[in-house]
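Trainee: Sequence and predicted structure, then a few things I'm wondering about:
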Amino acid sequence: MKKKKKVNAAILIIGNEILSGRTQDKNVAFISFWLNKNCGISVSEVRIIPDVEKTIIDNIKIMSKKFNYVFTTGGIGPTHDDITAESIAKAFKVKYGYHKEAYKILENYYGKKKFNDGRKKMAKMPLVAKLIYNPSSAAPGFITKNVLSLPGVPSILNSMIENCKKYLIRGLKIHSETINIFTVESNISKELSYIQKRFKNFVDIGSYPFFRLGKIGVSVVSRSTSKKKLVSVRKDIKKLLKKKKIKIFNI
């Protein structure tokens, strides 16, 4: 894997079942955490769209140009509404059909007698695609240009994610530091914005309220590829808290 300073990604969740509320998405958090921890890649945007060909095509065209990588989830199964693979082929104007290697993998997995039309459909994808192997249920995901297509079922996606690594350019590791305090966000928001401005190109600072032990608190989270910059931000935040007489505590 090559290394690059800043590498970003987007996640495109495809499925009417997510939009209807029937199925709860669990993949965004998992993919985002895995990319950040293992590849130094930040997820910059997430979209949820229906199983509509034009919508998929339009989003793939836009997002593949905007981000280093796009991860799609859902729509690569055996049913009539699984149209992700064909839509991606149309978005990139490449041929769609039975991928020889994918077909062979699935035929060997199911056996010729049980390899029905629905299962054969899972071997149909952009012919230029490279496979993302599936240790759980054999049906592979695939990468077309910078778009990595994975199944929507979380347990299967989780088992496949490591097989995406070989296709990814690594970014620098993103370090994170959290300072927990009992106060309200409005008590520190103005001063935090000044600190953020000073480090805007190096550190991302977020504040996240919580309620514990009957008290309102805030977690101030700083993220950066530079440990040195994080140290500087921590010093500035501690000066701010000392001035306002706000104590730091560990959750």
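Mentor: Thanks, I have the structure now.

Trainee: Need the pLDDT of the residue nearest to residue 182 when sequence neighbours are not counted.
Mentor: In this structure, residue 182 finds its nearest non-sequential neighbour in residue 217, 4.6 Å apart by CB to CB, 6 or more residues apart in numbering. In this view, the C-beta of every residue, glycine as well, is placed from N, C-alpha and C. At residue 217, the pLDDT value in this model is 94.

Trainee: neighbouring contacts of the particular helix or strand that has residue 217 in it?
Mentor: Remark: residue 217 resides in strand 215-224, with elements defined by DSSP states H and E. Strand 215-224 is contacted from outside by 174-185, 188, 192, 199, 202-211, 230, 233-234, 237, 251, using CB atoms under 8 Å, 6 or more residues apart in numbering.

Trainee: Now do it: distance to the chain's middle.
Mentor: Taking CA atoms, centre = their mean, to the nearest Å, one finds strand 215-224 lying 22 Å from the centre of the chain it belongs to.

Trainee: quick one: strands adjacent to that strand?
Mentor: Using DSSP bridges, the strands paired with strand 215-224 are strand 175-181 (antiparallel), strand 204-212 (antiparallel).

Trainee: Return the set of buried residues in that strand.
Mentor: 217-218, 220, 222-224 (16 or more other CB atoms under 10 Å).

Trainee: what does the average pLDDT come to for the next helix or strand after it?
Mentor: Once the chain leaves strand 215-224, the next helix or strand it forms, by DSSP H and E, is helix 227-243. Mean per-residue pLDDT for helix 227-243: 95.

Trainee: Could you break the chain into its assigned domains?
Mentor: Following automatic domain parsing, one finds the domains of the chain at 3-171, 175-249.

Trainee: Comparing those domains, which comes out most buried?
Mentor: domain 3-171 (a mean of 18; mean count of other CB atoms under 10 Å).

Trainee: what's the spacing between that domain and its chain's center?
Mentor: Relative to its parent chain, domain 3-171 has a centroid offset of 12 Å by CA atoms, centre = their mean.

Trainee: Beta-bridge partners for residue 98, please?
Mentor: Taking DSSP bridges as the rule, residue 98 bridges to residue 124.

Trainee: Now do the same contact list for it.
Mentor: 120, 123-124 are the contacts of residue 98 under CB under 8 Å, 6+ apart.

Trainee: which of the residues you listed lies closest to residue 21?
Mentor: residue 124 (29.5 Å; CB to CB).

Trainee: Thank you kindly, that will do.
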